[in-house]
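Colleague: make a model of this:
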Amino acid sequence: MIYRVSMTGESLGARIRRLRTARGWTQRELAGPRYDRGFLAKVETGTRPPSDEVLDYLARRLGLTVDELRFGRPPGVAEALWTELADAYRALQQGRVADADTIFGNAAKRAIAYKLPDVECYARFCRAEVLWQAYDIEGSKAAFEHAARLGASAPAWLRAMITHRWVTCEYLLGAAGAAVAHAEAALAEVRAATPVDPDAELALLSALIHPLVEMGGLRRARRAAEDGRLAAALASRPDFIARYHRQAAQLWQAVGLGDRADEDLGEALRLFTSLGYDRDAARCRWARGFLLRRMDRLPEARAELTAARDLLAAAGSREGILGATIELAEVRRRQGALDEAEALIEDVRPLLDDAPDVEAVGEVHRLLGLIAHARDDLPRATTLLRLAADEQERASLRSSLVNTSLHLGDVLRAQGLLSDAVHAYRRGVLAAVDSDSDVVG
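Modeller: Residues are numbered from 1 along each chain as shown. Have a look, this model is predicted:
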């Protein structure tokens, strides 16, 4: 019979012999008192397959676990790999992308060799995060799907986080409804388990908030935020708690609770900073710049977004650079610096061209349309705002569509195109009616 071999090609019998001789033991000393020397000799030469009971006995005699003996794992290798991956993930957050990716790849290979599917799942998740940080949305989505296929033995929090990231990718690719349905199905599965894992529940509730807000589903988003507050009180992972606070802040600002949103962002920033998660901390500052802009505190918003963009660049987050720059361009437009706003958008055009982020594409077209309107170039404004509205409608981004439709109607009315203006206004009204945005603070 042929036994499993280790990553060096060593058979199980040869491994038992090596471990025995390294300890200076005879075959009788290892086998006894339960088995005799002749039995162990057959095991070591590979002529007698050891049963699970035999492996358990020999492993305990050698001071190993059964799987350490069976697969040639060094003692404690699983725990060491988990720690190594967590440290490398922090390095990724701090912009040391190439170094982190090398560690992720090597860890995945060792996990495969040592038959550690849960560790391999985590390593694959981390490698998907590298693609996400590079703003390869389609590539990262496929990589998260690969990680998910390895998730049967992974902890619930990791499976939930993979789903969280997959949902974000699906949303950015224009399938907001499918993203929400997937997250809600995963959440129902987590809640059906006994006991419910609060970290997994929190990760999935956090994943729901942003797409629901953008789809106009404020009632459902608020329910997710309130449920998330209860789960956060029981959760043990500070990164999940921080991510929840950052997502919840978007809901609070959408329903007019700016102070509560600012409080959540402050807590998220504190937690991410304490973890050394520079990328996520910078995203909190980006979110706060967005909040300050909505509160019409434009000088403060400009300072926060400028800092966020610089920090995201240092962390190597292409997605973050794009989002913070677009928001900074909106602030500068509102401050009347039209040329600077347009230049900011042109600076990130290459990032946008490489990524099918429908939310960002729609926002850029809307913003350029508003700049054209401010310059009295009404035909160009009309074209760009129509593009934005079409993109937002296809992606079910009803909240953005309401805003864009209002601006488009104003531009059309200024050109005397009253019938077209009425159609644009009606489109916005229908988008508002289709949402459940009657939630108030």
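
Colleague: can we go C-alpha only for contacts and neighbour counts from here?
Modeller: OK.

Colleague: which non-adjacent residue is nearest the spatially most central residue of the chain?
Modeller: Computing the C-alpha centroid of the chain and ranking residues by C-alpha atoms, centre = their mean puts Arg165 first, at 3.4 Å. Of all residues beyond its chain neighbours, the one nearest Arg165 is Phe144 (7.3 Å), with distances taken as C-alpha to C-alpha, 6 or more residues apart in numbering.

Colleague: surely that neighbour and Ile162 touch.
Modeller: Yes. Using C-alpha atoms under 8 Å, Phe144 makes contact with Ile162 at a distance of 6.0 Å.

Colleague: which neighbours do those two have in common?
Modeller: Phe125 (C-alpha atoms under 8 Å, 6 or more residues apart in numbering).

Colleague: where's the residue nearest to Arg165 relative to Asp87, distance?
Modeller: For Phe144, the distance to Asp87 equals 20 Å [C-alpha to C-alpha, to the nearest Å].

Colleague: between these two, which has more neighbouring residues?
Modeller: Phe144 (29 against 14; other C-alpha atoms under 10 Å).

Colleague: for the more buried one, give me the pLDDT.
Modeller: Per-residue pLDDT puts Phe144 at 97.

Colleague: now swap in Arg159 and tell me
Modeller: 98.

Colleague: tell me the secondary structure for it?
Modeller: Secondary structure, DSSP: H, G, I helix; E, B strand; the rest coil: Arg159 is helix.

Colleague: what is the burial count for it?
Modeller: Arg159, neighbours per other C-alpha under 10 Å, totals 26.

Colleague: quick one, what contacts the closest residue to it other than its chain neighbours?
Modeller: Once flanking residues are discounted, Arg159 sits nearest to Gly151: 6.0 Å by C-alpha to C-alpha, 6+ apart. Gly151 makes contact with 117-118, 121, 158-159 under the criterion C-alpha under 8 Å, 6+ apart.

Colleague: 7 Å instead, please
Modeller: Gly151 is in contact with 118, 121, 159, counting by C-alpha atoms under 7 Å, 6 or more residues apart in numbering.

Colleague: coming back round to it: how far away is the residue nearest to the centre of the chain from Arg270?
Modeller: 22 Å.

Colleague: ditto for Asp197
Modeller: For Asp197, the distance to Arg270 equals 24 Å [C-alpha to C-alpha].

Colleague: before we move on, the earlier item: so how far is the strand or helix carrying the residue nearest to Arg165 from its chain's centroid?
Modeller: Assigned by DSSP states H and E, Phe144 belongs to helix 137-149. For helix 137-149, the separation from the chain centroid amounts to 11 Å (computed by C-alpha atoms, centre = their mean, to the nearest Å).
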